[in-house]
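> fold the following, please.
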Amino acid sequence: MAKINGISIPGVTAEKDWRGNIIGASVNFKRCSDEIKAFFSGLGITTEKSPYDQKFVKKIKDQENMPGKKITVSELWN
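Sure, this is the predicted structure:
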């Protein structure tokens, strides 16, 4: 929950620089109220940015689709 100018806003996290000045905000659209969602959609912000690198996510998804081979526990040490 961010506290911006003395107002607590659930679902919004303020990102600050080393001096404590707010330089950005992260929004959790699942936790914030409908008014906050409407405000951000009015600004053209409708999706959350993933904290993960998109190249990394693509590699993981590619690995899920690859065929694999099941082995038994005894085969691990042979």
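> hey, let's count contacts and neighbours off CA atoms from now on
Noted.
> all helices of this protein, in order?
Taking DSSP state H, the helices of the chain run over residues 34-42, 54-65, 73-76.
> sketch out the low-pLDDT regions of this structure for me.
Along the chain, the parts satisfying pLDDT under 70 run over 1-8, 45-50, 78.
> residue 17 is in contact with residue 24, correct?
No: counting by Cα atoms under 8 Å, residue 24 does not reach residue 17; the two are 9.1 Å apart.
> separation between residue 52 and residue 42?
For residue 52, the distance to residue 42 equals 26 Å [Cα to Cα, to the nearest Å].
> same question for residue 15.
When distances are taken as Cα to Cα, residue 15 and residue 42 turn out to be 21 Å apart.
> and what of residue 16?
With Cα to Cα as the criterion, residue 16 and residue 42 are 24 Å apart.
> repeat for residue 56
Taking Cα to Cα as the measure, residue 56 and residue 42 are separated by 31 Å.
> same check on residue 14?
Remark: distance between residue 14 and residue 42 (Cα to Cα) = 19 Å.
> neighbour count: the two, which is higher?
In terms of neighbours (other Cα atoms under 10 Å), residue 14 is the more surrounded of residue 14 and residue 42; the figures are 16 against 10.
> just grab the bridge partners of the more buried one for me.
Partner residues in beta bridges with residue 14, using DSSP bridges, are residue 25.
> is it true that it touches residue 20?
No: the pair residue 14 and residue 20 fails to qualify as a contact (Cα under 8 Å) at a distance of 10.0 Å.
> could I get the helices of the chain as TSV with distance to residue 10?
Supplementary listing: these in TSV, determined by distance: least, Cα to Cα, whole Å:
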stretch	distance to residue 10
helix 34-42	9
helix 54-65	27
helix 73-76	48
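> and the ones you listed, which is most packed in?
Stretch with highest mean neighbour count among the helices of the chain: helix 34-42 (a mean of 13; mean count of other Cα atoms under 10 Å).
> what about that one, distance to the chain center?
Using Cα atoms, centre = their mean, to the nearest Å, the distance from the centre of helix 34-42 to the centre of the chain it belongs to is 18 Å.
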